[in-house]
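K.L.:
sequence and predicted structure, then a few things I'm wondering about:
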Amino acid sequence: MQSYTVPDSGFLGVRRYRAEALALTPEQVRAARFLLGWTATDLAQASLVAPRTIRRFENGEASLRIRTDRDIARALEEAGISFESDEPGEFLVRLRDGTVVKVADSAG
């Protein structure tokens, strides 16, 4: 899994983040919510992101800031979701139990 370092604003040096966590697509988020049986409100509560932000992102009305993207990815990953690349423009969204949804990026 690819990762990179981001400078920390404190004295702790650097924090590591997965590169994939900074590039969620609306399709990935919808597929992950489907696998978990979550509503946008459920995801909002788990990620501490406003439900309206999640709905606007999923509907293609807004993009996410890096921190918001990371917060959503973290909440989904903690719930058992993993995001994987399949082919250019296609992604796998996998639940911990092995259930997989293949999604195509509408922009790809």
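P.N.:
That came through, no problem. In this text the structure is predicted, and so the values were computed from the model without any measurement.
K.L.:
hey, where'd the strands end up in the protein?
P.N.:
For the chain, applying DSSP state E gives strands covering 3-7, 14-18, 81-87, 90-95, 100-104.
K.L.:
what packs against the last one?
P.N.:
I take that to be strand 100-104. helix 26-36, strand 90-95 (3 or more Cβ pairs under 8 Å, 6 or more residues apart in numbering; DSSP states H and E). All C-beta spots, glycine's among them, are computed from the backbone N, C-alpha and C.
K.L.:
now the longest one
P.N.:
The contact analysis (3+ Cβ pairs under 8 Å, 6+ apart) places strand 81-87 against helix 26-36, strand 90-95.
K.L.:
got the phi/psi numbers for the closest residue to Arg56 other than its chain neighbours?
P.N.:
In space, Arg56 comes closest to Ala62 once its chain neighbours are excluded; the distance is 4.1 Å by Cβ to Cβ, 6 or more residues apart in numbering. Here is the backbone geometry of Ala62 (degrees, to the nearest 10): phi -160, psi 150.
K.L.:
tell me, how many residues neighbour Ala62?
P.N.:
Ala62 has 15 neighbours, counted by other Cβ atoms under 10 Å.
K.L.:
how about the helices and strands packed on strand 100-104 in a markdown table, adding mean neighbour count, distance to Arg52 and mean pLDDT?
P.N.:
As requested, the helices and strands packed on strand 100-104 are exported to a markdown table (neighbours: other Cβ atoms under 10 Å; distance: least, Cβ to Cβ, whole Å; pLDDT from 0 to 100):
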| stretch | mean neighbour count | distance to Arg52 | mean pLDDT |
| --- | --- | --- | --- |
| helix 26-36 | 21 | 14 | 94 |
| strand 90-95 | 19 | 23 | 86 |
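K.L.:
helix or strand with the lowest mean pLDDT in this protein?
P.N.:
strand 3-7 (a mean of 36; mean pLDDT, DSSP states H and E).
K.L.:
wait, which of the helices and strands packed on strand 81-87 is closest to Leu43?
P.N.:
Minimum separation from Leu43 across the helices and strands packed on strand 81-87 (Cβ to Cβ) falls at helix 26-36, 5.8 Å.
K.L.:
give me the contacts around that closest one.
P.N.:
38-40, 42-43, 54, 57-60, 72, 76, 79-81, 83, 91, 93, 95, 99, 101, 103-106 (Cβ atoms under 8 Å, 6 or more residues apart in numbering).
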